[in-house]
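Chemist: Structure for this input, please:
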Amino acid sequence: MRAPMIVWVVIVLAAVVVFAGGGYVFYQCRSAQKSELADIPPYMMSQQSFSIDSVSPAARRSSEDALRTFVSDVYPDSAIVGERFFAAKGHIIGDALRHSVDDHLTSVSSYELERQGDNPNFYMVWQRGSRLQRFFSDHRIVAVVSAAPAESDTADEPIYIYGYFELAPR
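Modeler: Predicted coordinates for the structure are as follows:
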């Protein structure tokens, strides 16, 4: 009489473990599919961040192309699948931008800073912190600040263009 009861307990416990494990894997898969690019806040250190639409079309196009080329050179085996551009009056402090974006990406999802550099543009790259999430989506988030200010006729301070990119492996 005791053996059948133990078998049922083992079956129920195994079902709970399988169900919980499946739920965890499903949660990691769903979390990995969500793009964080649209939710990253603009740089607010100088309180002078604004839409890139305010920059002249020629300067905007030139800056956007330069940042895209830079990102493609940093990760030649990846494709840009999403991008957002902003402008800011005055010099952008790279560590402040990293701190702002890092706070957002680590609190909302499980991204971690993979690397950063300044050659010549200041850039930071985040990847998923969980290997299971990287298995489902190996996208990276890149933030790049242009080293050279954009040309502007109206600005009394130099305007720097920066962008957020989402990269996917090719």
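Chemist: Hmm, residue 124 and residue 74 touching each other?
Modeler: No: counting by CB atoms under 8 Å, residue 124 is not a contact partner of residue 74; they are 10.5 Å apart. Any C-beta I mention is one placed from the backbone N, CA and C, and that applies to glycine too.
Chemist: For the chain, give me the ranges with low pLDDT.
Modeler: For the chain, applying pLDDT under 70 flags the ranges 1, 28-35, 44-47, 108, 152-155.
Chemist: Distance of the residue nearest the centre of the chain relative to residue 48?
Modeler: The residue lying closest to the centre of the chain (CA atoms, centre = their mean) is residue 141, at 2.8 Å. In this view, residue 141 and residue 48 are 23 Å apart by CB to CB, to the nearest Å.
Chemist: Spit out the contact partners of residue 104.
Modeler: Contact criterion CB atoms under 8 Å, 6 or more residues apart in numbering gives 36, 39-41 as the residues in contact with residue 104.
Chemist: meant to ask about residue 41
Modeler: Counted by CB under 8 Å, 6+ apart, residue 41 has contacts 100-101, 104.
Chemist: next one: residue 142
Modeler: Contacts of residue 142 were listed using CB under 8 Å, 6+ apart, and they are 71, 74-75, 123-126, 164-167.
Chemist: who has more neighbours, residue 74 and residue 124?
Modeler: Set residue 74 next to residue 124 and count neighbours by other CB atoms under 10 Å: residue 124 wins out with 23 against 19.
Chemist: Report the beta-bridge partner residues of the more buried one.
Modeler: Counting by DSSP bridges, residue 124 forms beta bridges with residue 116, residue 143.
Chemist: Run through the helices of this protein in chain order.
Modeler: With DSSP state H as the criterion, the chain has helices at 2-33, 57-74, 94-108, 131-136.
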